[in-house]
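Enquirer: Got a sequence here, can you build the structure:
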Amino acid sequence: MDRLEEELLQTLSEADPATILENKELIDKLDVTKKTSQEIEIQSENARKTEIEINTQREIYRGVAAEGAMLYFLVITLNIVDHMYQYSLDSFYIFFRKAITKVTI
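Expert: Just a heads-up that it's a prediction; the model follows:
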C-alpha cells in the first residue's frame, strides 16, 4: 500500500496541472490505489471479526483446559498416597466426571 501511495504521489507531483484530468496513467493509478484500499479495508474487517471469534472460543475452552491440567496433576500426585492409585481408572473417572460437571454448569 505504501508503494502505491508513493507512486501515486510521484505521478501527481510530475503531472502537468493543465492536463491532469487527461493523464491516463494518473487516473489508472488512482483506480488501482482505490481498489487496493477497499480490498485492504475488507480484509481488515474480516481479520477483526476472526479475532473476536477466536477470542470467544478461547474463553470457552479456558475452563476446560484448567480442569484438564488439574486432573492431570491430581492423577500424577496420587502415587504419593499409594502406588495402586497412580493407575486407578475408577478414581480418575470419578475426578474426571466431577470436573466435566463443574465446567459445563
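
Enquirer: Would you mind finding the longest helix in this structure?
Expert: The longest helix of the chain (DSSP state H) is helix 24-81.

Enquirer: Off-centre distance for that helix?
Expert: Chain-centre distance of helix 24-81: 1 Å, with Cα atoms, centre = their mean, to the nearest Å.

Enquirer: helices or strands up against that helix?
Expert: Judged by 3 or more Cβ pairs under 8 Å, 6 or more residues apart in numbering; DSSP states H and E, the packing partners of helix 24-81 are helix 2-14, helix 89-104. Backbone N, C-alpha and C define where each C-beta goes, glycine included.

Enquirer: Dump those to JSON lines, plus mean pLDDT.
Expert: As requested, those are exported to JSON lines (pLDDT from 0 to 100):
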{"stretch": "helix 2-14", "mean pLDDT": "75"}
{"stretch": "helix 89-104", "mean pLDDT": "78"}
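
Enquirer: Which of those helices sits closest to residue 50?
Expert: The closest of those to residue 50 is helix 2-14. By Cβ to Cβ, the value is 24.2 Å.

Enquirer: how about that closest one: buried residues?
Expert: The neighbour-count check on helix 2-14 (16 or more other Cβ atoms under 10 Å) flags 8, 11 as buried.

Enquirer: same check, this time on stretch 14-29
Expert: 23, 26, 29.
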